[in-house]
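Peer 1: Whatever this is, show me its structure:
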Amino acid sequence: MAQPVDQAAAPRAARARAAPARTASARTASARGGRRGGPPAGQLPVARIAVDVPLAHLDRPFDYLVPERLAAAAVPGCRVRVRFAGQLTGGYLLERVAASEHPGQLAYLERVVSPEPVLSPEIAALAREVADRCAGTLADVLRLAIPPRHGGAEAGPGPGHPPEPGPGRPSEPPSRAGPERGLWARYPAGQAFLTALAQGRAPRAVWSALPGPDWPDEIAAAAATAASAGRGTVIVVPDARDLGLVDRALSRALGPGRHVCLSAGLGPAERYRRWLAVSRGTVRVAAGTRAAMFAPVHDLGLVAIWDDGDDLHAEPRAPYPHAREVLALRAHRTGAGALIGGFARTAEAASLISAGWAAAITAARPVVRRCAPQIQAPGADAELARDEAARSARMPSLALRTARAGLARGPVLVQVPRRGYVTAVACENCREPGRCGHCGGPLALEAGGGAARCRWCGRADPRWRCPACGDPRVRALVTGAGRTAEELGRAFPGTPVVVSGGAAVVETVPPAPALVIATPGAEPRADGGYAAAVLLDGWVLLGRPSLRAAEEALRRWLNAAALVRPAASGGAVAVVADAGLPPVQALIRWDPVTHAERELAEREALRFPPAVRMAALTGPGQAMAELLAAAVLPPEADVLGPIELDAGVAGQGRRKSTARADASPEVNEVNEFNGDDEADGARTQQVRVLIRVPRSASMPLAAALRAAQAVRSARKDAGTVRVQLDPAELI
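Peer 2: Numbering: from 1, shown residues only. Next up, the predicted model:
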């Protein structure tokens, strides 16, 4: 039950838990003369408010009186301002009730910011469950779910895709699902999935998309099918480039004005205007990047996520939810269908199939071979017999032959894992990695020559000498996209060279012959597809110190190879990596399903996510010890650590103290929260602890960590411990 607050929260809230409920009428006399409140509302005078204060021990609703003057505007879901711990604080009105359990006098709502109900009951319940599952607070989740208010957008017209439906009137479903629906016939289970959507059922599927440019139209066809049944759709993609493809596909399948796209690049006013169109039910198909997972679509019938292994789907802010997990939870709660798609398949998606939560949608092997390019690796026996240096050369003869043959037919894609020029150097004599003499960071070379420069502090040392042997010469250890473009430009004189990556991402390239050097995720689309692709420096991707290194390497390779024409049209791919490695074999056979099943089996044997639930705790040693002492972990919990990490950033996790001796404890803790991060000049040694439990103990683990954080928050313990459930990186 929600607990109220006046100006002192903790002691009074503890007494309220044991006190009987009192009606508002019993308090009217004492409340009538309340501060700037006036008489309370005649009906449902008590408002339960989710206050925007992300302190763990205050993560609960608080009761306030609604003054009669605000009775009409104070509707569930609206933004309000309340006085909390002596300060004016924002919040959301969750519900209005007739009585409160608080025995004392309630404070009044200060004002209603806007009567617009921006927090729907479905999103409020979803946010609460996400916070509970991720060991976070409701306030943190609501900051991710609801965009900042823009007053002009609330008063303006509806969504930004003309023609716009009438205000307050939901868009009519399209008369047909569009010709693209036939693309699903290439998958044995595809038509059954669409039929279930058309009948208003809730099919859940993990979809291995065929290589080629058709995946946006296939997602749009699924959304149109759900719309034909009168239900809405939420689509989440990794970045703005993918969102543009889905936007155009939805326009073709649904017609103009039937969907909106949500992304940060729209600007606050336009993004909020489109979000309001979804919230008001004017539009029932919403596509966007990560934050769109909370889009308040009415009558939700389908949630879809593309390329769920992309790290852009993992929220970097507390409580760090992943879009795949939020959408799966939302589908379960609302009875909606779910579509988790991509060229690759993650171990998490494989576990959903293994558990029976979702079915697999894959194409038959002859169809896959017909759509995929021919893929080769230089480490194969035939290549070794032809080129003895094929195993060690950065650009073996297979890669050069593939590029040369491809340039005769069209553009050639060259994927390089690192941007820059020479991103790491070593001593020419003893091969000792080059390190900065000031901070110990890695040295790199820039285009145009000059001394090696530190990638951490930016200092250049023209007098650098190897500390091991004293040699001043350096050699390239890791070559970036800039240097690769320079080398290939010399190898293929007269051929145009296009570089895409970092801040300079190219969207499309013409079908004319050209070398396109791109980093993973920044590959331009070529009209008609690339004639060939060369995937360089596979060891960089496979050698990362990460649990997901092999899975991530295969995902990036498949995404690049999917841009190449089919083998029947001459499309060819050369991957520079050991041909005997499982991810390379999975790429050559275009078989991400078997690789994902193998990854899942290995994770189960090693007891790593998703086979188990893992919590990663990072923070100062003393704070970590306090949190572990306060946590009542499940009996199945396996605690690994603590281990010391590299020296942390000075002042990490500290808050500027603005406490006053004459203020209440609640005022001081809100002041501490409102302060900025302060660097105190000292480096704090960070430690890390991993806590592992079976999946059945997921919620008890999250509850135990939330309770421990609440204890530390209430005591105002120094230091901040970052708690992350199932982090993307464990190593």
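Peer 1: strands paired with the strand of greatest length in the chain, and their directions?
Peer 2: For the chain, the longest strand by residue count, based on DSSP state E, is strand 87-97. Applying DSSP bridges, strand 87-97 is found paired with strand 46-51 (antiparallel), strand 79-84 (antiparallel).
Peer 1: Partner strands of the very next helix or strand once past that strand, with direction?
Peer 2: Downstream of strand 87-97, the next assigned helix or strand under DSSP states H and E is strand 99-100. Using DSSP bridges, the strands paired with strand 99-100 are strand 22-23 (antiparallel).
Peer 1: got a list of what the nearest residue to Ala561 once chain neighbours are set aside touches?
Peer 2: Leaving aside its sequence neighbours, Ala561 sits nearest to Val573 (C-beta to C-beta, 6 or more residues apart in numbering; 4.8 Å). The way it works is simple: take the backbone N, C-alpha and C, and place the C-beta from them, glycine included. By C-beta atoms under 8 Å, 6 or more residues apart in numbering, the contact list for Val573 reads 373-376, 402, 532-535, 560-561, 564.
Peer 1: returning to what we had before: identify the residues contacting the longest strand of the chain?
Peer 2: By C-beta under 8 Å, 6+ apart, strand 87-97 touches 44-53, 61, 66, 74-84, 110, 112-113, 118-119, 124, 142, 146, 667, 670-671, 674.
Peer 1: what are the phi and psi angles of Ala577?
Peer 2: With angles defined as degrees, to the nearest 10, Ala577 sits at phi -160, psi 160.
Peer 1: my guess is it contacts Ile588, does it?
Peer 2: No - proximity of Ala577 to Ile588 does not meet the contact threshold set by C-beta atoms under 8 Å, at 10.3 Å.
Peer 1: Now for those two: what residues contact both?
Peer 2: Ala377.
Peer 1: Give me the distance from whatever helix or strand Ala629 lives in to the chain's centre.
Peer 2: Assessed by DSSP H and E, Ala629 sits inside helix 621-630. The chain centre lies 29 Å from the centre of helix 621-630; the measure is C-alpha atoms, centre = their mean, to the nearest Å.
Peer 1: contacts for it?
Peer 2: Contact with helix 621-630 is made by 617, 619, 639, 642, 644, 653, 685, 687, 689, 705, 707-709, 711-712, 717-721, as judged by C-beta under 8 Å, 6+ apart.
Peer 1: hmm, back to that, can you put the strands paired with strand 87-97 in a markdown table and add mean pLDDT, mean neighbour count and distance to Arg459?
Peer 2: Listed next are the strands paired with strand 87-97 as a markdown table, based on pLDDT from 0 to 100; neighbours: other C-beta atoms under 10 Å; distance: least, C-beta to C-beta, whole Å:
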| stretch | mean pLDDT | mean neighbour count | distance to Arg459 |
| --- | --- | --- | --- |
| strand 46-51 | 97 | 25 | 47 |
| strand 79-84 | 96 | 21 | 47 |
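Peer 1: okay if I get those strands as JSON lines plus distance to Leu329?
Peer 2: JSON lines is the format used below for the strands paired with strand 87-97 (distance: least, C-beta to C-beta, whole Å):
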{"stretch": "strand 46-51", "distance to Leu329": "19"}
{"stretch": "strand 79-84", "distance to Leu329": "25"}
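Peer 1: Quick one: closest of the ones you listed to Ala728.
Peer 2: strand 46-51 (28.5 Å; C-beta to C-beta).
Peer 1: helices or strands up against the next helix-or-strand element following the closest one?
Peer 2: Next helix or strand after strand 46-51 toward the C-terminus (DSSP H and E): strand 62-65. For strand 62-65, the packing partners by 3 or more C-beta pairs under 8 Å, 6 or more residues apart in numbering; DSSP states H and E come out as strand 46-51, strand 79-84.
Peer 1: Try it again at 10 Å.
Peer 2: strand 46-51, strand 79-84, strand 87-97, strand 99-100, strand 109-114 (3 or more C-beta pairs under 10 Å, 6 or more residues apart in numbering; DSSP states H and E).
Peer 1: Using PDB, list the CA coordinates for that strand.
Peer 2: C-alpha atoms of strand 62-65 as PDB (Å, rounded to 0.1, in the frame of the first residue of the first chain):
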ATOM      1  CA  PHE A  62       3.200   9.100  -1.700                       C
ATOM      2  CA  ASP A  63      -0.200  10.400  -0.800                       C
ATOM      3  CA  TYR A  64      -1.200  14.100  -1.300                       C
ATOM      4  CA  LEU A  65      -4.500  16.000  -1.000                       C
END
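Peer 1: returning to that earlier point: from the contacts of Val573, which is closest to Ala631?
Peer 2: Scanning the contacts of Val573 for proximity to Ala631, where the rule is C-beta to C-beta, the winner is Ala560, at 43.8 Å.
Peer 1: can you count the residues close to that closest one?
Peer 2: Using other C-beta atoms under 10 Å, Ala560 is surrounded by 24 other residues.
Peer 1: oh, and call the first residue 51 from now on, that's how I've got it
Peer 2: I'll keep to 51 as the first residue from here, and by that count the last item is Ala610.
Peer 1: got the contact list for it?
Peer 2: The contact partners of Ala610, taken as C-beta atoms under 10 Å, 6 or more residues apart in numbering, are 393, 463-465, 568, 570-571, 573, 580, 583-585, 623, 625, 637.
Peer 1: Could I get the buried residue list for the helix or strand containing it?
Peer 2: If you go by DSSP H and E, Ala610 is part of helix 599-611. For helix 599-611, the neighbour count (16 or more other C-beta atoms under 10 Å) marks 600-611 as buried.
Peer 1: same question, stretch 667-683
Peer 2: In stretch 667-683, counting by 16+ other C-beta under 10 Å, buried: 667-670, 673-678, 680-681, 683.
Peer 1: Export the residues you listed to TSV and append columns for pLDDT and distance to Glu375.
Peer 2: Listed next are the buried residues of stretch 667-683 as TSV, based on pLDDT from 0 to 100; distance: C-beta to C-beta, whole Å:
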residue	pLDDT	distance to Glu375
Leu667	96	19
Thr668	94	20
Gly669	94	24
Pro670	94	29
Ala673	95	27
Met674	95	25
Ala675	95	30
Glu676	95	29
Leu677	96	24
Leu678	96	25
Ala680	96	26
Ala681	96	22
Leu683	96	22
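Peer 1: sorry, back to before: in ChimeraX, how would I select just the buried ones from the contacts of helix 671-680?
Peer 2: Restricted to buried positions by 16+ other C-beta under 10 Å, the ChimeraX selection for these reads:
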select :667,669,692,703,737,739,755,758,759,761,762,767,769,770,771
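Peer 1: taking the contacts of helix 671-680 one by one, which sit in strands?
Peer 2: 667, 669, 689, 692, 694, 737, 739.
Peer 1: Just the angle for the helix holding Ala679 relative to strand 688-694, thanks.
Peer 2: 170 degrees (axes from the mean of the first three to the mean of the last three C-alpha atoms, to 10 degrees).
Peer 1: Which SSE is immediately downstream of the longest helix along the chain?
Peer 2: Of all segments of type helix in the chain, defined using DSSP state H, the longest is helix 748-765. Note on helix 748-765: by DSSP H and E, the next helix or strand toward the C-terminus is strand 772-775.
Peer 1: Show the average pLDDT along that next one.
Peer 2: For strand 772-775, mean pLDDT is 95.
Peer 1: Against which helices or strands is that strand packed?
Peer 2: Right, strand 772-775 is packed against strand 662-670, strand 736-744, helix 748-765 by 3+ C-beta pairs under 10 Å, 6+ apart.
Peer 1: The same query, at a cut-off of 7 Å, please.
Peer 2: strand 662-670, helix 748-765 (3 or more C-beta pairs under 7 Å, 6 or more residues apart in numbering; DSSP states H and E).
Peer 1: which stretch among the strands paired with strand 137-147 comes nearest Gly491?
Peer 2: Proximity to Gly491 (C-beta to C-beta) singles out strand 96-101 among the strands paired with strand 137-147, at 43.0 Å.
Peer 1: That closest one versus strand 159-164: what angle between them?
Peer 2: Relative orientation of strand 96-101 and strand 159-164, computed by the same axes, to 10 degrees: 70 degrees.
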